[in-house]
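Enquirer: can you look at this prediction? I've put the sequence above it.
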Amino acid sequence: MSNQDVDVAVIGGGPAGLAAAVSAKEHGAKHVVILDRNSWLGGILPQCIHDGFGVEETGESMTGPEYAEKYISMAQQQNIGVMNETMVLHFDKKREIIAVNKKGIHKIKAKTIVLAMGCREKTRWSAMIPGDRPSGIFTAGVAQSFINLYNIMPGKNVVILGSGDVGLIIARRLKFEGANVLGVIEILPYASGLPRNVVQCLDDYDIPLFLNHTVTSIEGRERLERIAIAQVNKNMNPISGTERQIKCDTLLLSLGLIPENELLKNADIKIDEITGGPVVDQNLETTLGGVFACGNCLQVYDTVDMLSIDAKRAGKNAAKYNKSKKLKTSIKLIAGKGVRYVVPQKIDVAGTVHITLRSEKPQEKSILWIIENDKIILRKKLRFVNPANMVKLVIEIPPEVVKSGHKLEVIIDDKR
Amino acid sequence: MKNFHVAIIGGGVIGSSIAWELSKYKLDVVVFEMGSDVASGASKANSGVVHSGINSPPSSLKARYCVEGNKILQSLADNLGFPLKWIGKYVIAKNEEEIKELERLKKVGIENCVPGLKIKNGAEVTEPNISCFAALWVPTAGIVSPYKFTMAFAENAAENDVKFLLETKVTNLIKHKDCFILKTNKGEYQSLLVVNAAGLNCREIISMVEKPDFNVYPCRGEYLVLDKKHSSLINSMIYPVPPKELGVLGVHITPTIGGNILLGPSAEFIDDTENKKTTREMMKTLIIEGRKIIPAISDRAVINAYSGIRCKLASPEEGGWSDYRIEESKQVSGLISLLGIESPGLTGAPAIAKDVVRMISQSIELKFKDNFKFAKIKRKRFSEMSVKERSDFIKKDERWGRIVCRCEQITEKEVIDALSNPLGAKTLSSVKYRCRAGMGRCQGGFCTQHIIRIIKKQFNMDVKNIKLRSPDSNLFFGRTREVRNE
Ligand SMILES: Cc1cc2nc3c(=O)[nH]c(=O)nc-3n(C[C@H](O)[C@H](O)[C@H](O)COP(=O)(O)OP(=O)(O)OC[C@H]3O[C@@H](n4cnc5c(N)ncnc54)[C@H](O)[C@@H]3O)c2cc1C
Ligand SMILES: Cc1cc2nc3c(=O)[nH]c(=O)nc-3n(C[C@H](O)[C@H](O)[C@H](O)COP(=O)(O)OP(=O)(O)OC[C@H]3O[C@@H](n4cnc5c(N)ncnc54)[C@H](O)[C@@H]3O)c2cc1C
């Protein structure tokens, strides 16, 4: 077993890990190392060959590989250590990481750790879709990797379940490759991906979107032969009599992403049940001191731009960790009416705090409130809130609020 | 045409264990399996429980084989290297009324010579998440991984020169004067004796040579698989008292060898022996039934669902229970059939196999081979090794250091070993059932591309020919450009 001491160990070399590592180095960390299980850097980006990356961050629209390349070359210039094809097996409360690669087992003692493990896709069984178990059922990301990274065609007559961005983008990609995309099925009354993707990936290619619908059965003893879809009622249960069959050989599932945080269990880091990511404070520090989180393992972001911006903060705070003194008191930030979740979940230092949150449902006009007991900390008009679009805010938290120990509640209300 | 001594139809646990028993002798044996791997039928889709023998009526074949099989299983596990754990089981009584059932089961068990049975009151039950009035403790119940169990027999039999013909379906059987002709989708074969171990198709095989005097009533059992995260909910198997109808044991909760929890099976008579669909209603029912035993079970814990079909010889109107029939045809000599091998068929298989070999020895003289090869001692899985062991293995072969399945921590070397099995099975499921890659919570999201890469590179296969599980379950339509050009 090899031993190593580092200042910042970044687990995961996707855009979040890269941005965090670069930023940690820029803020004075000497020995920074990225650990990633893939043979490449960039995480999921190399398979995202469509463009649209980087617009908010740099004003320039890049493809996924181009965007990743930008950060990879920065990391190289700054001499950030990279361990590829290296799987982190676990780490403990003392921030000792055990990882494995072709050279053997590695023990890495880190002053601070940045978690950037990304996420995984929900499967057929998270949606409990009954029926046969034929081949031809893939998650959208897996299908995307086969097409874009390996030039392998997973299907010809394809239906996509779930209108998240991954599903929308794969619909267009399959069309380019000559497949017949029969439709995108969505259980909600609205698409869950970005509105621009609905236009650019479905409308422009005449791919139908079936809202308020779900897949009720899968048929095919060997390869998929057909599926049944049905309209759903308010409680999302299929309405009898609305069922119909669609002949297809492939069903792609774009049912959402689950932050990949199995590693946290061993170190006893607290997880937020709603985001699926760790509970963090305004510095993106988890409930284990010296361990920070960013990227899709913290919360599932809409775009890589916002994700990189936050990841840089995580990297910076990790670099500065040794110097900062920890205050013990903290206040909770909780999701109230109309809000699905809010990150960070706690605040322990007064001052500027970056907040990200998602609304519970789409609304044209609404007001966002942050309330301490009955005191209004913030009141802000919002236009077009939509669960698919993350809301980002920067607020000032006065010292007396932190001292009070009271929780802060974030509310989105349609009353003006 | 080569003349085999024994042709076995079906590579389930029954066919495979018979093949293994026969592989000890100087015989030419062939197994026909229509699936792409052994354990393609009921033998892969069951509870994986090593039954003790408390559920079958004394003096039935079911009871006899179950108790005998249970006794010899540990030594088989040691020799063949399949995992087996004696975790014991509780049959729980929810109220005073049900204690009578426990007493009845205990009485049956004692008659069947099942040791160690004990009725405990609720407080004595050592399961923190179970509340019950009383429970029957059955210490000699265990668990195996049913496909590994079947594969262990088949692979060691293949190492001892039994021929396994996968994706080969017997379509007709013709009795000549002193041999059989077996017609298949891959040509004709000839054999002195035929063993019909075709599971649900046992009647179809008999119909090829004579009029069957029985019917098969398929009865489907659905299961849910729960994430490993929840494995600490129980230590042993938890069964309700058996329902009065249908000749089944009721929805139970079973830990698996791999560390998951199974919820099931349901029991539903169906028309079609191949209808292995899972249904929305049953999925819901299983969660409800499971919660009656462990209230903490959540549907969010589900990572997979499947069903297996019982081969019943009694209709629901007749109560669903009948004994096994293991017999040589009276009209067509040389045809030995195994009929209605439902639960506890997995447990009983090794004992059944010994009996079938005894029947065969009446027609063919059996002589031991002097070069019988014992199964190679199976290595530990990477995930079970100590740090030192891991380092040593990686030093010897760096492929031990490349994890390709994130959820189950399976290495590239383990995948290659799985693909190099002596049966020549190379589907994605063959890999999954041998080394667990793809069985975790992401259900292949990460490992599929690695396994495909390995199959292409190491085994030089065209992607079009890579299958999920069965002969026509291709995963891909070829390279991207090829599809467009069609
Ligand atoms: C199909 C698709 C289309 C998208 N389209 C757009 C778009 O148009 N515009 C846009 O802005 N964004 C888009 N995104 C989103 C963006 O790509 C993601 O938000 C971003 O890649 C997430 O970055 P990450 O670093 O958090 O995770 P990832 O990119 O997933 O990286 C995580 C890395 O961690 C590694 N890792 C995890 N666990 C371990 C471990 N135990 N040991 C070692 N390594 C580990 C993984 O292998 C991976 O390399 C898209 C995403 C997808 C999937
Ligand atoms: C829901 C359920 C739960 C169970 N739980 C348990 C348990 O916990 N413990 C226990 O001991 N037992 C259990 N059992 C019983 C056990 O699974 C079966 O008894 C056992 O698997 C039967 O094995 P088999 O080889 O006879 O059948 P199968 O495994 O079905 O094998 C028959 C094989 O024959 C092949 N075949 C059929 N026709 C042809 C043909 N014409 N040509 C070539 N090949 C052919 C099929 O592809 C198949 O692979 C359970 C069964 C079910 C269904």
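Expert: Cool, the structure landed. Numbering: from 1, shown residues only, chains lettered A, B, ... in the order given. Ligands and ions are numbered 1, 2, ... in the order given.
Enquirer: for the residue of the stretch 51-200 of chain A found nearest ligand 2, which residues are in contact?
Expert: Residue of the stretch 51-200 of chain A nearest ligand 2, by C-beta to the nearest ligand atom: A:Arg133 (15.1 Å). C-beta: built from backbone N, CA, C; applies to glycine. A:Arg133 makes contact with A:Ile218, B:Lys276, B:Thr278, B:Tyr306, B:Arg469, according to C-beta atoms under 8 Å, 6 or more residues apart in numbering or on different chains.
Enquirer: for A:Asn148, which non-adjacent residue is spatially closest?
Expert: A:Gln47 (4.6 Å; C-beta to C-beta, 6 or more residues apart in numbering or on different chains).
Enquirer: centroid residue for chain A?
Expert: Taking C-alpha atoms, centre = their mean, the centroid of chain A lies closest to A:Val300, which sits 2.3 Å from it.
Enquirer: SS state for that one?
Expert: coil (DSSP: H, G, I helix; E, B strand; the rest coil).
Enquirer: and the nearest residue to it once chain neighbours are set aside, how many neighbours?
Expert: In space, A:Val300 comes closest to A:Leu257 once its chain neighbours are excluded; the distance is 4.8 Å by C-beta to C-beta, 6+ apart. By other C-beta atoms under 10 Å in any protein chain shown, 22 other residues sit near A:Leu257.
Enquirer: which strand residues bridge A:Leu257?
Expert: Beta bridges link A:Leu257 to A:Glu121, judged by DSSP bridges.
Enquirer: ok, now which ones touch it?
Expert: A:Cys119, A:Arg120, A:Glu121, A:Lys122, A:Gly164, A:Val166, A:Asn296, A:Val300.
Enquirer: dump these to CSV, plus pLDDT and distance to ligand 1.
Expert: Formatted as CSV, the contacts of A:Leu257 follow (pLDDT from 0 to 100; distance: C-beta to the nearest ligand atom, whole Å):
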residue, pLDDT, distance to ligand 1
A:Cys119, 96, 6
A:Arg120, 95, 9
A:Glu121, 95, 8
A:Lys122, 94, 12
A:Gly164, 90, 9
A:Val166, 90, 4
A:Asn296, 98, 4
A:Val300, 96, 7
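Enquirer: could you flag which of those are buried?
Expert: Neighbour counting over these (16 or more other C-beta atoms under 10 Å in any protein chain shown) leaves A:Cys119, A:Arg120, A:Glu121, A:Lys122, A:Gly164, A:Val166, A:Asn296, A:Val300 as the buried ones.
Enquirer: so which of the residues you listed reach ligand 2?
Expert: When contact is defined as C-beta under 6 Å from any ligand atom, the buried ones among the contacts of A:Leu257 do not meet ligand 2 at all.
Enquirer: ok, of the residues you listed, which one's closest to A:Gly14?
Expert: A:Asn296 (7.7 Å; C-beta to C-beta).
Enquirer: how about the closest one, phi and psi?
Expert: phi -70, psi -10 (degrees, to the nearest 10).
Enquirer: same question for the one 5 residues further on.
Expert: With angles defined as degrees, to the nearest 10, A:Tyr301 sits at phi -90, psi 160.
Enquirer: what about the residue nearest to A:Val300, distance to A:Gly118?
Expert: 9 Å (C-beta to C-beta, to the nearest Å).
Enquirer: let's have the contacts of A:Arg133 in CSV, adding neighbour count.
Expert: Compiled in CSV, those are given as follows (neighbours: other C-beta atoms under 10 Å in any protein chain shown):
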residue, neighbour count
A:Ile218, 22
B:Lys276, 20
B:Thr278, 27
B:Tyr306, 18
B:Arg469, 23
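Enquirer: farthest pair within these?
Expert: B:Thr278 and B:Arg469 (15.3 Å).
Enquirer: what segments of the stretch 1-150 of chain B are helices?
Expert: For the stretch 1-150 of chain B, applying DSSP state H, counting those that start in this stretch gives helices covering B:13-22, B:61-80, B:96-111, B:146-159.
Enquirer: which one of those lies nearest to ligand 2?
Expert: Judging the helices of the stretch 1-150 of chain B by C-beta to the nearest ligand atom, what sits closest to ligand 2 is helix B:13-22, at 3.4 Å.
Enquirer: check whether the closest one comes near ligand 2.
Expert: Yes: contact of helix B:13-22 with ligand 2 is found when judged by C-beta under 6 Å from any ligand atom, involving B:Val13, B:Ile14, B:Gly15.
Enquirer: of the residues you listed, list those near chain A.
Expert: Subset of the residues of helix B:13-22 next to ligand 2 in contact with chain A: empty, counting by C-beta under 8 Å from any C-beta of the partner chain.
Enquirer: just give me the closest of those residues to B:Arg402.
Expert: Taking the residues of helix B:13-22 next to ligand 2 together and measuring to B:Arg402 by C-beta to C-beta, the closest member is B:Val13, at 32.9 Å.
Enquirer: check which helix or strand the residue of chain A found nearest ligand 2 maps to.
Expert: Nearest residue of chain A to ligand 2, counting by C-beta to the nearest ligand atom: A:Arg221, 12.1 Å away. Under the criterion DSSP states H and E, no helix or strand holds A:Arg221.
Enquirer: also A:Ile113?
Expert: Using DSSP H and E, A:Ile113 sits within strand A:104-115.
Enquirer: partners of that strand in the sheet?
Expert: strand A:2-11 (parallel), strand A:96-101 (antiparallel), strand A:291-293 (parallel).
Enquirer: as a markdown table, those strands with mean pLDDT, distance to A:Ile331 and mean neighbour count would be great.
Expert: Conversion of those to a markdown table gives the following (pLDDT from 0 to 100; distance: least, C-beta to C-beta, whole Å; neighbours: other C-beta atoms under 10 Å in any protein chain shown):
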| stretch | mean pLDDT | distance to A:Ile331 | mean neighbour count |
| --- | --- | --- | --- |
| strand A:2-11 | 97 | 28 | 21 |
| strand A:96-101 | 98 | 31 | 21 |
| strand A:291-293 | 98 | 19 | 29 |
